[in-house]
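attaching a predicted model along with its sequence, questions to come.
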Amino acid sequence: MRQRLLALAAVLGAAGAGSLVLVNRDTGDQVRAPPGAFEMFDRSSCAVQACPAQLCLQANNVLDDAGSSCTTRLVTCDVRVGAQARAWATANGLTLGPQRYQRLRFVGLRCPAVDGGSSFGVPMGDDGLPQFASLAQQTPLCVRAPVAGGTSCQRSERDGGFRFFGSGNVFPATESNGDPSCKPVGCSVLFGDNADVDL
């Protein structure tokens, strides 16, 4: 465990501030998620928080003993979920929603970046999938008005009022009137996907 953590820390320390790096946990090499895995497509959607799990605390102790400034963290990002990722989740006893785009939380490592700030890495296997079965589904950052029927899901006009902006309209959940017909969804899709179906 110690060698793997320090190899990951070395890769992240050389990365630029704000980087989100997928790293092979055995070799320390940067990897690309294969088609059908978890594809992180909007780094700006990611949020980092402390990881109180026992595995994280043990990893932090190893890093401290080695004099590393890196710490384990949870990172929550909007991801595109493929069939391979669904199979991995099922094999690890995790249940994902049916949507192609979901907001998921992973365990990773945050390190000081070479140019200031910090970088973040998620340990991956040769199959391009996370190595820790700690992913958890989170509430998406946006909502969508019903695609067919209903005008009660409304968006803030930022002047204290709300109005209906159209069927299937996707907007930040923080701008919603909180009506139950506003369905929590991802905020964007990759070119070629259908927001009405895949969100």
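Looks like it arrived, so ask away.

residue contacts, the spatially most central residue of the chain?
The residue lying closest to the centre of the chain (CA atoms, centre = their mean) is residue 77, at 2.0 Å. If a contact means CB atoms under 8 Å, 6 or more residues apart in numbering, then residue 77 has 20, 40, 42-43, 45-47, 103-104, 106 as its contacts. Quick note: C-beta positions are derived from backbone N, CA and C, even for glycine.

mind listing the strands for the chain?
20-24, 38-40, 47-50, 71-81, 101-112, 118-124, 136-138, 142-144, 155-156, 162-163, 170-172, 183-185 (DSSP state E).

okay, now the sheet partners of the third one, with direction.
So the one you mean is strand 47-50. Strand 47-50 has its sheet partners listed here by DSSP bridges as strand 71-81 (antiparallel).

ok, now how distant is residue 8 from residue 21?
To residue 21, residue 8 is 9 Å away according to CB to CB, to the nearest Å.

more neighbours: the two, which one.
Comparing residue 8 with residue 21 by other CB atoms under 10 Å, the one with more neighbours is residue 8, at 25 against 20.

sorry, back to before: between the contacts of residue 77, which is nearest residue 199?
Using CB to CB, residue 103 is the member of those that lies nearest residue 199, at 11.1 Å.

what about residue 94, distance to residue 130?
For residue 94, the distance to residue 130 (CB to CB) stands at 10 Å.

who has more neighbours, these two?
Shown here are residue 94 and residue 130; by other CB under 10 Å, residue 130 has more neighbours (25 against 15).

give me the pLDDT value at the closest residue to that one other than its chain neighbours.
In this structure, residue 130 finds its nearest non-sequential neighbour in residue 106, 5.5 Å apart by CB to CB, 6 or more residues apart in numbering. Residue 106 is assigned 81 on the pLDDT scale.

quick one: distance of stretch 161-172 to the chain centre.
25 Å (CA atoms, centre = their mean, to the nearest Å).

kindly format the C-alpha coordinates of that stretch as CSV.
Below are the C-alpha coordinates for stretch 161-172, written out as CSV (Å, rounded to 0.1, in the frame of the first residue of the first chain):
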residue,chain,number,x,y,z
GLY,A,161,-40.1,35.7,-8.8
PHE,A,162,-40.2,32.4,-10.7
ARG,A,163,-41.6,31.4,-14.1
PHE,A,164,-41.9,28.4,-16.3
PHE,A,165,-39.1,28.4,-18.9
GLY,A,166,-40.4,25.5,-21.1
SER,A,167,-40.8,21.8,-21.2
GLY,A,168,-37.6,19.8,-20.7
ASN,A,169,-35.6,22.9,-19.7
VAL,A,170,-32.5,22.1,-17.6
PHE,A,171,-31.2,24.6,-15.1
PRO,A,172,-29.3,24.7,-11.8
